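Q: For reference, the sequence and a predicted model appear below.
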Number of protein chains: 2
Amino acid sequence: MTNNIQEYMQNMGVEARKASRLMASADTNVKNLALTHIAKAILREKTALLAANKLDLDAARANGLDDAMLDRLTITEKSINTMVEGLNQIASLADPIGEMTDFKYRPSGIQIGKMRVPLGVIGIIYEARPNVTVDAAGLCIKSGNAAILRGGSEAIHCNQALAKLVHEGLAAAGLPTSAVQVVKTTDRAAVGELITMKQYVDVIVPRGGKGLIERISNDARIPVIKHLDGNCHVYVDDDADFDKALRILENSKTQRLGTCNTAESLLVARSVAKEMLPKLADMLISHGVEIRGCAETLALVPQAKAATEEDYYTEYLAAIISCKVVDGLDEAIAHINQHSSQHTEVIVTENYTKARRFLREVDSSSVIVNASTRFADGFEYGLGAEIGISTDKLHARGPVGLDGLTSLKYVVLGDGHVRA
Amino acid sequence: MTNNIQEYMQNMGVEARKASRLMASADTNVKNLALTHIAKAILREKTALLAANKLDLDAARANGLDDAMLDRLTITEKSINTMVEGLNQIASLADPIGEMTDFKYRPSGIQIGKMRVPLGVIGIIYEARPNVTVDAAGLCIKSGNAAILRGGSEAIHCNQALAKLVHEGLAAAGLPTSAVQVVKTTDRAAVGELITMKQYVDVIVPRGGKGLIERISNDARIPVIKHLDGNCHVYVDDDADFDKALRILENSKTQRLGTCNTAESLLVARSVAKEMLPKLADMLISHGVEIRGCAETLALVPQAKAATEEDYYTEYLAAIISCKVVDGLDEAIAHINQHSSQHTEVIVTENYTKARRFLREVDSSSVIVNASTRFADGFEYGLGAEIGISTDKLHARGPVGLDGLTSLKYVVLGDGHVRA
């Protein structure tokens, strides 16, 4: 069986590599045609997609999957419309491939610049959410890459139904359907093969729980674009406007509890803690959020529980927030750089100099002044969709859209020039 | 002993991480002061450096190191001047750190852009060449990173003498001397430790022979920026200008035999092979270059030997070139994408459409029209110096200068904005 899986995946790799060469030189309008065709096909097949999703949901319930998993697995008319909107948005974005920039003459007489090119073959491994199939396909097509998608076994019906529509769109545009292949087996050996077949796959993007991502990062022999967790901070500075702080904290923590850009830790400057923290806490408590705080927090917020050092490192993905009263900006920056997962951090302040220092000195993929952590997202940043969020620094950092799936090569133009 | 090495390296890691925070927010003029001070110190200590180098060379000869190694190990007045020039050039480049770009308002009201930031701590592992110590230190300082340098044991005297001058420059500018640490032990266990201490090192740049780089890539648990080899091609198209072809091939192959941007393979379009190939071959032979060719080459060049398929994959780093007569552009591109190491490829042509296709379709880190492969170099490209050349696609491709040692984080500016 494992031998068969290996052969199956290797064949997929060969086909993907071949397709990637064609995708790399595909015209912009051809790629856009594929995208808009897929969008139309998804709208047309809405009922069938919901039916396929129901099969997955029934099986998931029978297998006793938890509510959070069922929630991620569910597609609705609304989420189908969001997929379609994403595809159309990607189609409307400028084609990054072939873009040439920074051409300059050098003293030697050569002219040197850069050209944006696809990475090649992208392997994407994800759990539950079927929309990833469409988002990832859309981003890979537009960026001239080939993709091998391996969704969770719990979403197999919906993913295969979506794969068919992706292939329909590729074929309608005259592109190879092997440009987006969706792994049909639910055998876990397929993942092991995908993340080690160096000769066919250029980068792996795992999406899902921390366990999945850690396992893949450790076992992969191919570069991985990943984020492990989102321990995001909101720092309410001495010079914070209270109304903004309240609004931003409420949105950052309570709009959705289970996303990676949800705030998990609140820092409040000592000089305003007495005035602001009780009110901020009341708001959180009214949303059912448990507060785990330092000694000063406990003194100001009787309902709070004591936080351990471990709490300050924790991404709860639940109605819990850690809280600490800090001396001011310096301690806030030091605390964040020590404890955060380098995902997204917010300062609430009216002070120009402190805002500027926070932006420069906080070492996270998104640094924000006076806005919600929840904005850290490919859609919100205007990337069209995101293939994931990277908390690594190499290659791509933060929400990864089209550009994150490309690279730059050097172009040199001469007229018989040789090096002296 | 190994325990001591581990402790020694871990301590270095702790110090480097601390220094990297200070380097990340160092002012531009402070970093430039360090660079120009190091440049002056190197000029001042020229005699001492040559003496230290002589100790290394004497030991190397006693140990029976080969001529190529001795050549790489040798510093001269001229190469010292080149180091100094490199430092001054890096000082004169714009500071990439803190650069903010692409700020745009989104429909939500937030304003989003990007800020360039250092990677953190760079680990550099290299053989023989002492100039790497200075180039790497210069690039890391300017890009706001900390560096841990591990040079070859054969260059230990010269590297330590250079390290002292780097520290002098850092101290003179008020920067931590631990921003650039040079490993003092020649124990190989130090390398094993350096490439696995994830918590202290953000990226590894190995420089040296293919064996070293392969070993490090396989064992590293930290991302590696690397190039394995440079199997560079010169394609002489049907529409090539002969004089340019002759000049470019001569420079690409014979200017220096042992560099990664030296041409290792010649492709000639069939329609011009009869006219041009014998003359191109005469030029190569007059430089003592052995030609290993296909059947058609052998028919046109009696002195040529038969090439095996293996030859077309080989980086000789010697007075040998592989040669193949091809049908035209399509076969040339296919041959290159199959056999090259994705380093640097040249087309010699007067034809606009074919030049444009070659640039787009050849999947190498540098693609060149009508100029020598030898231009693929950080200095020549205006990067000031290079930390290495990357034949990977992720993060950095081609010569890696300052930008390759940085990353981009997202910056969001709001005024109490929350996500709807």
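A: Received it, and whenever you're ready, just let me know what you need. Every value quoted in this text rests on a predicted model; they were computed, and no experiment measured them.
Q: What's the local residue count around A:Asp58?
A: 11 (other CB atoms under 10 Å in any protein chain shown). C-beta: built from backbone N, CA, C; applies to glycine.
Q: Sorry, slip of the keys, the one I care about is A:Ile213.
A: For A:Ile213, using other CB under 10 Å, the count is 20.
Q: A strand includes it, no?
A: No - the secondary structure assignment for A:Ile213 gives helix rather than a strand, going by DSSP: H, G, I helix; E, B strand; the rest coil.
Q: outside of the strand or helix carrying A:Asp71, which residues touch it?
A: Take DSSP states H and E as the rule and A:Asp71 turns out to sit in helix A:67-73. The contact list for helix A:67-73 (CB atoms under 8 Å, 6 or more residues apart in numbering or on different chains) reads A:53, A:56-57, A:60-61, A:65, A:127-130, A:154-155, A:258.
Q: tell me how far it is from the chain's mean position?
A: Its chain's average C-alpha position is 18 Å from that of helix A:67-73, according to CA atoms, centre = their mean, to the nearest Å.
Q: Please apply the same query to stretch A:126-143.
A: With CA atoms, centre = their mean, you get 11 Å for stretch A:126-143.
Q: Who are the packing partners of the host helix or strand of A:Ala19?
A: Using DSSP H and E, A:Ala19 maps to helix A:2-24. Applying 3 or more CB pairs under 8 Å, 6 or more residues apart in numbering or on different chains; DSSP states H and E, one finds that helix A:2-24 contacts strand A:111-118, strand A:121-126, strand A:146-150, strand A:180-182, helix A:189-194.
Q: quick one: buried residues of stretch A:319-333?
A: By neighbour count on 16 or more other CB atoms under 10 Å in any protein chain shown, the buried set for stretch A:319-333 is A:320-326, A:329, A:331-333.
Q: Quick check: the two most widely separated of those?
A: A:Ile320 and A:Leu329 (25.7 Å; CB to CB).
Q: Check the gap between A:Gly109 and B:Glu380 for me.
A: Here A:Gly109 is placed at a distance of 11 Å from B:Glu380 (CB to CB, to the nearest Å).
Q: Would you mind telling me which of the two has more residues around it?
A: Neighbour comparison, A:Gly109 and B:Glu380: the larger count goes to B:Glu380, with 22 against 13 (by other CB under 10 Å).
Q: quick one: contacts of the one helix or strand that one maps to?
A: Element membership for B:Glu380 (DSSP H and E) is helix B:378-381. Applying CB under 8 Å, 6+ apart, the contact partners of helix B:378-381 are A:106, A:108, A:110, A:112, A:410, A:419, B:86, B:89, B:374-375, B:384-387, B:389, B:398-401.
Q: how about 7 Å then?
A: Applying CB atoms under 7 Å, 6 or more residues apart in numbering or on different chains, the set of residues contacting helix B:378-381 from outside is A:106, A:108, A:112, A:410, A:419, B:384-386, B:399, B:401.
Q: What of stretch A:285-300?
A: By CB under 7 Å, 6+ apart, stretch A:285-300 touches A:253-254, A:273-274, A:277-278, A:281, A:284, A:301, A:303-307, A:311, A:319-325.
Q: can you give me the helices in chain A?
A: A:2-24, A:28-44, A:46-62, A:67-73, A:77-92, A:131-142, A:156-172, A:189-194, A:210-219, A:242-254, A:270-286, A:295-300, A:329-339, A:352-361 (DSSP state H).
Q: Regarding chain A, what is its longest strand?
A: strand A:406-417 (DSSP state E).
Q: Show me how far it is from its chain's centre.
A: With CA atoms, centre = their mean, you get 32 Å for strand A:406-417.
Q: Stretch A:172-186 now?
A: From the chain centre to the centre of stretch A:172-186 is a distance of 22 Å (CA atoms, centre = their mean).
Q: Give me the distance between the two termini of it.
A: Using CA to CA, to the nearest Å, the end-to-end distance of stretch A:172-186 comes to 29 Å.
Q: Flag every residue of the stretch 201-350 of chain A that's near chain B.
A: Proximity of the stretch 201-350 of chain A to chain B, by CB under 7 Å from any CB of the partner chain, involves residues A:202-203, A:223, A:241, A:243-244, A:247-248, A:251, A:255.
Q: Quick one: buried ones out of those residues?
A: Buried among those by 16+ other CB under 10 Å: A:202-203, A:223, A:241, A:244, A:247-248, A:251, A:255.
Q: A:Leu413 and A:Gln111 touch, don't they?
A: Yes - using CB atoms under 7 Å, A:Leu413 is in contact with A:Gln111, at 4.4 Å.
Q: Leaving out the residues flanking it, which one is nearest to the residue in the stretch 101-250 of chain A positioned nearest to chain B?
A: Taking CB to the nearest CB, chain B has its nearest neighbour within the stretch 101-250 of chain A at A:Lys244, 3.6 Å off. Of all residues not flanking A:Lys244 in the chain, B:Gly416 sits nearest, at 3.6 Å (CB to CB, 6 or more residues apart in numbering or on different chains).
Q: For the one you found, the count of nearby residues, please.
A: Neighbours around B:Gly416, by other CB under 10 Å: 17.
Q: got it, and A:Thr391?
A: A:Thr391 has 23 neighbours, counted by other CB under 10 Å.
Q: can you tell me which residues contact the nearest residue to it once chain neighbours are set aside?
A: Among residues not flanking A:Thr391 along the chain, A:His227 sits closest, at 4.1 Å (CB to CB, 6+ apart). By CB under 7 Å, 6+ apart, the residues touching A:His227 are A:260, A:343, A:388-391.
Q: What distance do you get for A:His227 to A:Ser217?
A: Following CB to CB, the distance that separates A:His227 from A:Ser217 is 11 Å.
Q: Before I go, just wanted to say thanks for your time.
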